[in-house]
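**Q** What shape does this take:
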Amino acid sequence: MDKKKNKQQKVPKAKLFSFKYILYDLVKWFGFWQTMIWYRIKKIYDGPEAKKRIKGGAFISSNHVGFSDPFILLTAFLSRRLHFVFMTELIKNKFTAWIYKNVFLSYPIDREKPSLSTMKFLSQYVANGHVLGLFPEGHIKRDGEVDAFKGGIVLMAYLSGKPIIPVYHQKRTSIWHMTRLVIGKPFDVKEKIGPVMNQTKLNEVANELYEYELHLQEMCEAGKK
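**A** You can find the predicted model right below:
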């Protein structure tokens, strides 16, 4: 998504009913049963605050263990329409790009050099009531370990004034095992940074988010509920 296109594109507001959601909802509800049967998702919450239903806009931040991750998150947060950003490299595959854009109503982003205009657009997108899923590691980690987070999600959360919902997704090692997700407490970036933002504060909060993700990983491995 280039700068010129972002300037021309109107940021949509979240709506309960819209014709553009028909295909999305059909795929999501049909895929829900397939995903639950195959992955048998078990959700673990980091306290009662993490169990609260998401109201309004929010970012879902998850580690990235495989190409099925978006479907697993869609199933885990079934009560909301969860959209995603996807790598600009996927645009080369026209079919994949069409699926992301027209079915999941998601947006492309350059994971190495995301433009400020794109980040502002996505911030306003969430501020308008949408829920956006991101994988801030920037790449798939098939071993289930968590890499350091890129700071883009923290900047977008700050600009939007909306919370980040951290999620740890444990990669299962056998089809006979359940897929375990640990859902964390809302992460309020605006409150943590305060009225004045700078790069140092962004980096500190990004590291804090990463450390919390490691805490969720420990919860998952310890089997805590």
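**Q** you'd agree Glu213 is in a strand?
**A** No: counting by DSSP: H, G, I helix; E, B strand; the rest coil, Glu213 is not part of a strand but helix.
**Q** Kindly state the pLDDT recorded for it?
**A** On the pLDDT scale, Glu213 is placed at 93.
**Q** average model confidence for the strand or helix carrying Leu159?
**A** Using DSSP states H and E, Leu159 sits in helix 152-160. Here helix 152-160 scores 93 as its mean pLDDT.
**Q** residue ranges of the strands in the protein, please?
**A** When secondary structure is read from DSSP state E, the chain shows strands at 41-45, 58-62, 82-87, 107-109, 131-134, 164-169, 179-183.
**Q** rank the ones you listed by mean pLDDT and give me the bottom one.
**A** strand 107-109 (a mean of 80).
**Q** Report the buried residues of stretch 196-207.
**A** Neighbour counts over stretch 196-207 (16 or more other CB atoms under 10 Å) mark Met197, Lys201, Leu202, Val205, Ala206 as buried. In short, each C-beta sits where N, CA and C put it, glycine included.
**Q** Among these, which one lies nearest to Ile175?
**A** Ala206 (34.7 Å; CB to CB).
**Q** Can you lay out the strands of the chain as CSV showing mean neighbour count and distance to Lys28?
**A** Below are the strands of the chain laid out as CSV (neighbours: other CB atoms under 10 Å; distance: least, CB to CB, whole Å):
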stretch, mean neighbour count, distance to Lys28
strand 41-45, 17, 14
strand 58-62, 25, 15
strand 82-87, 21, 9
strand 107-109, 19, 18
strand 131-134, 23, 12
strand 164-169, 25, 17
strand 179-183, 22, 17
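**Q** Need these in JSON lines (columns: distance to Gly31).
**A** Listed next are the strands of the chain as JSON lines, based on distance: least, CB to CB, whole Å:
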{"stretch": "strand 41-45", "distance to Gly31": "12"}
{"stretch": "strand 58-62", "distance to Gly31": "17"}
{"stretch": "strand 82-87", "distance to Gly31": "12"}
{"stretch": "strand 107-109", "distance to Gly31": "20"}
{"stretch": "strand 131-134", "distance to Gly31": "15"}
{"stretch": "strand 164-169", "distance to Gly31": "17"}
{"stretch": "strand 179-183", "distance to Gly31": "14"}
